[in-house]
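J.: give me a 3D structure for the following:
(2 chains)
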Amino acid sequence: MFLDWGSITTFYGQLLKGAGLTLVITGLAFAIAIAVGLLVCAGRISRVAPVRWASTVYVEVMRNTPVLLQIFIIFYGLPSLGLRFSAVTAGVLGLGLNVGAYLAEIFRAGVIAVPKGHREAATALALSKVQTLIWVVIPVSLRAVFPALSNMFLATLLGSSLLSVIAVPELTGETNEISSRTFLTIEVYSFSTLIYLALTLSCSIGLALLARWLFPRASRS
Amino acid sequence: MDFTPVWNARWLLLDSFLTTLLLSTIAVVVGTLVGAIVAVLRTLNVGILNVVLRAYVELFRGTPLLMQLFFVYFGLPMLGVNVDKFWAAFSAISLYTGAYVAEVFRAGVEAVPRGQVEASTALGLTFVQRLTYVIAPQALRVALPPLVGVYVSVIKDTSLATVIGYNELMRRAMELVLQYGRPLEIFLVVGILYFIICFPISKFSEWLERRLARNGA
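T.: Model (predicted):
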């Protein structure tokens, strides 16, 4: 057993580039997820029954099948219907659509968390529907669901490693590539594990600070 | 759409479906045991042990399962430990599950009011008695719905074992795609197979949550 920790210094640049791509993928996928989540959440509480059913089916299907399979369907399956995506696009889309289903449920819980009295008060104060949404519903529910959203962000970060399976050179992909080329398996996987830990740790600290800034009173209570 | 290749491969798919179920079941059982042991040991509040257990939980929850699978399957042989595909998949997924289960149980334990633990200590209950009669019944009630939720994730996550070549449902699907083409049809059918096992368990978790919330307080 001869571990050669010195040699991996050669690959710092490649691994950091991979980590950068991991962050970009996470950000893009989470942005898609928020858009999808809001849309599907609106569908889930819609008064139009077919819209409600379709949104429910979406949430259940996405949450009860593996995300890897969803990425495969987009990357390998859709081209037979004439829809072709690059590996990065397919991966970001698959991850975003999957996380979106979870976010829809989180948003829904947030909307339910707004006390009925708040809404009635807003109506009594002659706030319009849009004003009520912006000034009453969103601030109150965002605060309620922020911890759950933070967790989903971290899950997206970890989930982005799946894109390595369709040959996207993010952190896991670069790690595999270096490992199979140099056989510095233990060294390079250990190092990438540390990078992932650093990423998840700094993201969770960042999100906690963001929560503190967004909801000043919440942190004091 | 042409589903004949899928239909012709139905027994192969069924066989791999059972493999997925088997791997999931074993990982769920072992992961729950690991998680329960970690959670119980953490209630002991022994300094150095707590640090080790926390490091375990943070390490496995803070890195992707995919990395853990690669580490076990490609890394351990470099240290002279030979692992076959099943053992690599099983041990990585179980340890990963254990970390999540440990956190679910810890949340359950923390939901038990401090005063009850103190009261039972004052009554002279031993650690084991305290655990079995005071903490566990209440902690389990809180932990059960999210625990079942973790199990659904485990079933879906076994699909990652395909990257180390373990022949579960996802791997079989990819092989069939390579052999016959028809990726859309094959992956759709495989998706249905995952769905029919995950969906009822998800619903069960939601039902538990509603029921326990109603009877609680």
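J.: so B:Phe187 makes contact with A:Phe75?
T.: No. B:Phe187 sits out of contact with A:Phe75 when judged by Cβ atoms under 8 Å, with a separation of 9.9 Å. Any C-beta I mention is one placed from the backbone N, CA and C, and that applies to glycine too.
J.: host element of B:Leu18?
T.: Element membership for B:Leu18, per DSSP states H and E: helix B:10-43.
J.: contacts for the helix or strand that comes right after that helix, please.
T.: Next helix or strand after helix B:10-43 toward the C-terminus (DSSP H and E): helix B:47-61. Taking Cβ atoms under 8 Å, 6 or more residues apart in numbering or on different chains as the criterion, the residues outside helix B:47-61 that touch it are A:193, A:197, B:38, B:41-42, B:68, B:95-96, B:98-100, B:102-103.
J.: at 6 Å instead, please
T.: With Cβ atoms under 6 Å, 6 or more residues apart in numbering or on different chains as the test, helix B:47-61 has contacts from B:Val38, B:Leu41, B:Arg42, B:Leu95, B:Tyr96, B:Ala99, B:Ala102.
J.: out of these, who has the most neighbours?
T.: Compared across the contacts of helix B:47-61, B:Ala102 has the highest neighbour count, 27 neighbours, by other Cβ atoms under 10 Å in any protein chain shown.
J.: re earlier: in the contacts of helix B:47-61, which has the lowest confidence score?
T.: Looking at these, model confidence by pLDDT dips furthest at B:Arg42: 90.
J.: just the helices in the chain please.
T.: Just so you know, I chose chain A. With DSSP state H applied, chain A shows helices at A:12-44, A:49-63, A:67-72, A:87-113, A:116-124, A:129-132, A:138-159, A:171-182, A:185-214, A:216-220, listed in chain order.
J.: sorry, I should have been clearer: chain B.
T.: Remark: helices of chain B, listed N- to C-terminal, are B:4-8, B:10-43, B:47-61, B:65-70, B:85-111, B:114-122, B:127-129, B:136-157, B:169-180, B:183-215; assignment by DSSP H.
J.: how about the ones you listed in CSV, adding distance to A:Leu38?
T.: Formatted as CSV, the entries for the helices of chain B read as follows, by distance: least, Cβ to Cβ, whole Å:
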stretch, distance to A:Leu38
helix B:4-8, 36
helix B:10-43, 33
helix B:47-61, 27
helix B:65-70, 28
helix B:85-111, 28
helix B:114-122, 40
helix B:127-129, 49
helix B:136-157, 23
helix B:169-180, 31
helix B:183-215, 22
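J.: mean pLDDT lowest where, among these?
T.: Of all those, helix B:4-8 carries the lowest average pLDDT, namely a mean of 86.
J.: buried residues in that helix, which are they?
T.: With burial defined by 16 or more other Cβ atoms under 10 Å in any protein chain shown, the residues of helix B:4-8 counted as buried are B:Pro5, B:Val6.
J.: for stretch B:93-106, same thing?
T.: Going by 16+ other Cβ under 10 Å, stretch B:93-106 has these buried residues: B:93-106.
J.: hmm, that stretch touching chain A?
T.: No. When contact is scored as Cβ under 6 Å from any Cβ of the partner chain, no part of stretch B:93-106 falls within range of chain A; the minimum is 10.5 Å.
J.: let's see that stretch as PDB, backbone CA atoms only.
T.: Written as PDB, here are the backbone C-alpha positions of stretch B:93-106 (Å, rounded to 0.1, in the frame of the first residue of the first chain):
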ATOM      1  CA  ILE B  93     -25.700   2.200   0.300                       C
ATOM      2  CA  SER B  94     -26.200   0.800   3.800                       C
ATOM      3  CA  LEU B  95     -23.700   3.200   5.300                       C
ATOM      4  CA  TYR B  96     -25.200   6.100   3.400                       C
ATOM      5  CA  THR B  97     -28.700   5.100   4.600                       C
ATOM      6  CA  GLY B  98     -27.400   4.700   8.100                       C
ATOM      7  CA  ALA B  99     -26.300   8.300   8.300                       C
ATOM      8  CA  TYR B 100     -29.700   9.600   7.200                       C
ATOM      9  CA  VAL B 101     -31.500   7.200   9.500                       C
ATOM     10  CA  ALA B 102     -29.300   8.300  12.400                       C
ATOM     11  CA  GLU B 103     -30.400  11.900  11.800                       C
ATOM     12  CA  VAL B 104     -34.100  11.000  11.600                       C
ATOM     13  CA  PHE B 105     -33.800   9.100  14.900                       C
ATOM     14  CA  ARG B 106     -31.900  11.900  16.500                       C
END
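J.: right, I'll call it a day here.
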